[in-house]
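Engineer: I'd like to go over a predicted model; first the sequence, then the structure.
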Amino acid sequence: MKRYGITLLCAVIVSILMAQAYQAWSETTIDLSVKTILASQKPGQSDPNLKNFTNGMKDVFGYSSYKLLSRDNLRLNQDNSGRISLPGNRSMKITSKGISGDRVTLQVEIFRDSKQIFQTVVRLLNDSEVTVGGPKHEDGNLLINIFASF
Amino acid sequence: MQGNLSHCDSELISRYYDGELGRVERSQVESHILVCSSCKKMLEDLKTISSQYGAHLARQPIGIDTRETEEHVLDRLRREETPWWAKVKETFLSKKILVSATATACVALLLITVLRVPVPDSPSAIVASVSGDVSSIIILEIPETRQTILWFNERPEGQSL
Ligand SMILES: [Zn+2]
């Protein structure tokens, strides 16, 4: 009977550990939505789906149109990276550095011709975003908007 | 700037930090700091932030060519009247003049500007480090929508270090 008790205890401990491991895993899963936008001075219709995004931008940048070029979704676990391609032989790599407190730490790198030209480490609250902009494309500039939820 | 420094001049403090000042201005700043705690604090902040982030930041000097987009941002900022933007404007203008300032100092100063903004809640995005083989980097936060934008000007092709 004592042996049975020990087995039961072990089973309980193992299941607690597994539950904790699962919780830890799911806690560090980050969903990213990355929008690549071309902002240009050329008059034209802005994408209606970008309304929330462009409202604030309009006051700061003088662009007349914002065009959504692509939208990518990435799901990252801690220390996982995801890569999206950007126009002009460029790409963006996003690495999750895990969640601490109420923020996820992301490293964002931009490559051109497979050479890193820009990198940043940002700490985002849940359901919040950061935008990296600047690279020239066609007659405007690229804006890459990263929205994170976890 | 003649005689004693009668008012707080953040541009002068940042130029002092960058080692850009002549002997007269330098001593004006030094004596001002002795009596002005807010300017003293600003200088300390510059030192702290720069040493904190210095390791991650690009060490290349910012290129002399500020491109049209940066011009555009600056132009917009000049028209804004709110104190927040006034502060950013100050920063941009001083940095634009000081083309020899390093990326480190530029980013550090902007971070200070962002950190000093009296906002109701903490920003949704905190920029811990930023660097790159680029000619300039600007960090902006749009007050109404709280969007954080990291803007960089790529070095033209073939000009990378
Ligand atoms: Zn002062």
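Structural biologist: Here it is on my side, so go on.

Engineer: A:Lys51: what secondary structure?
Structural biologist: For A:Lys51, the assignment made with DSSP: H, G, I helix; E, B strand; the rest coil gives helix.

Engineer: any idea how far it lies from A:Leu38?
Structural biologist: 16 Å (Cβ to Cβ, to the nearest Å). Any C-beta I mention is one placed from the backbone N, CA and C, and that applies to glycine too.

Engineer: any idea how far the residue lying closest to A:Glu138 once chain neighbours are set aside lies from A:Asn73?
Structural biologist: Closest residue to A:Glu138 apart from its sequence neighbours, by Cβ to Cβ, 6 or more residues apart in numbering or on different chains: A:Leu38 at 6.6 Å. Computed as Cβ to Cβ, the A:Leu38 to A:Asn73 distance reads 20 Å.

Engineer: who's more crowded, those two?
Structural biologist: Neighbours were counted for A:Leu38 and for A:Asn73 using other Cβ atoms under 10 Å in any protein chain shown; A:Leu38 has more, 20 against 11.

Engineer: Return the backbone torsion pair for the more buried one.
Structural biologist: phi -100, psi 120 (degrees, to the nearest 10).

Engineer: pLDDT at it, what is it?
Structural biologist: pLDDT recorded at A:Leu38 is 92.

Engineer: so it touches A:Gly140, yeah?
Structural biologist: Yes. Using Cβ atoms under 8 Å, A:Leu38 is in contact with A:Gly140, at 5.2 Å.

Engineer: what residue lies at the spatial centre of chain A?
Structural biologist: Residue closest to the average C-alpha location in chain A (Cα atoms, centre = their mean): A:Leu32, at 3.7 Å.

Engineer: Give me the spatial nearest neighbour of that residue, chain neighbours excluded.
Structural biologist: A:Leu32's closest residue in space is A:Leu74 (Cβ to Cβ, 6+ apart), at 4.3 Å.

Engineer: what do you get for A:Asp47?
Structural biologist: The spatially closest residue to A:Asp47, leaving aside those adjacent along the chain, is A:Leu68, at 4.5 Å (Cβ to Cβ, 6+ apart).

Engineer: residues in contact with that neighbour?
Structural biologist: A:Leu68 makes contacts with A:Lys35, A:Thr36, A:Ile37, A:Asp47, A:Asn49, A:Leu50, as judged by Cβ atoms under 8 Å, 6 or more residues apart in numbering or on different chains.

Engineer: May I ask which of those has the most neighbours?
Structural biologist: With neighbours taken as other Cβ under 10 Å, the top of the contacts of A:Leu68 is A:Ile37, carrying 25 neighbours.

Engineer: returning to that earlier point: how about the residue nearest to A:Glu138: which residues does it bridge to?
Structural biologist: A:Lys67, A:Leu142 (DSSP bridges).

Engineer: which residues sit in contact with it?
Structural biologist: A:Tyr66, A:Lys67, A:Leu69, A:Pro87, A:His137, A:Glu138, A:Gly140, A:Asn141, A:Leu142, A:Leu143.

Engineer: Could you list the buried residues of the helix or strand encompassing the third one?
Structural biologist: This points to A:Leu69. Secondary structure from DSSP states H and E places A:Leu69 in strand A:65-76. Burial within strand A:65-76, assessed by neighbour count using 16 or more other Cβ atoms under 10 Å in any protein chain shown, is assigned to A:Ser65, A:Tyr66, A:Lys67, A:Leu68, A:Leu69, A:Asp72, A:Leu74, A:Leu76.

Engineer: Could you look up the SS state of B:Ile33?
Structural biologist: Looking at B:Ile33 with three-state DSSP, the answer is helix.

Engineer: closest to the ion among the contacts of A:Leu68?
Structural biologist: A:Ile37 (41.4 Å; Cβ to the ion).

Engineer: Tell me who's in contact with that closest one.
Structural biologist: Per Cβ under 8 Å, 6+ apart, neighbours of A:Ile37: A:Asp47, A:Leu50, A:Phe53, A:Tyr66, A:Lys67, A:Leu68, A:Leu69, A:Leu142, A:Leu143, A:Ile144, A:Asn145.
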